[in-house]
Each structure stands twice: as C-alpha cells, then as structure tokens.
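J.: can't give you the sequence, but here's the structure:
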C-alpha cells in the first residue's frame, strides 16, 4: 500500500523558499490555478506527488540546453 504524503499551506510556502506565499496559495485556490489541493473540512492539504507533478509541468527548458544536446549527437 502506497502512503500518500501531504503538506499544509505553510509547508508548501516553505518548500518553495517563500517565493510562493501563503496568501498567493490562498488566491490561487480561489481562482482554481496553481498546484492541486485537497480540502477536508477547513483543512487544506497539498499531496506531495501532485506538487512534484506540478513542478515538472512548469519546468522551463532553455534552448541552450536543447542545442547542446543536438550538437552532441552531430558527431562533429
């Protein structure tokens, strides 16, 4: 059985080193944007796996990295 792990809003803000505030998370929930969350009564919890998936979805890949990969495969 897989154990689901959850973070509170404050823990999510810490995870992102304060770059995403508790207030921003609150606003995003109201607008239905940002990472997925679970609400049980008044408690708001964020599944860690959903946060990991959200991070991957928002990952920015720079052109320089792609070009380097292509150059390496040219054999020059």
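T.: Yes, it's here. Every value quoted in this text rests on a predicted model; they were computed, and no experiment measured them. Numbers count the residues shown, from 1 in each chain.
J.: what's the lengthiest strand in the chain in contact with?
T.: Longest strand of the chain, by residue count under DSSP state E: strand 43-47. If you take C-beta atoms under 8 Å, 6 or more residues apart in numbering as the criterion, strand 43-47 is touched by 4-9, 11-12, 29, 35-39. In this view, the C-beta of every residue, glycine as well, is placed from N, C-alpha and C.
J.: Could you give me the buried positions within the following helix or strand past that strand?
T.: Counting by DSSP states H and E, the next helix or strand C-terminal to strand 43-47 is helix 48-57. Of the residues in helix 48-57, 50, 51 count as buried by neighbour count, 16 or more other C-beta atoms under 10 Å.
J.: Helix 48-57 to strand 43-47, inter-axis angle?
T.: With axes from the mean of the first three to the mean of the last three C-alpha atoms, to 10 degrees defining the directions, helix 48-57 sits at 60 degrees from strand 43-47.
J.: who's in contact with helix 48-57?
T.: Contacts of helix 48-57 (C-beta under 8 Å, 6+ apart): 4, 5, 6, 7, 12, 15, 34, 35, 36, 37.
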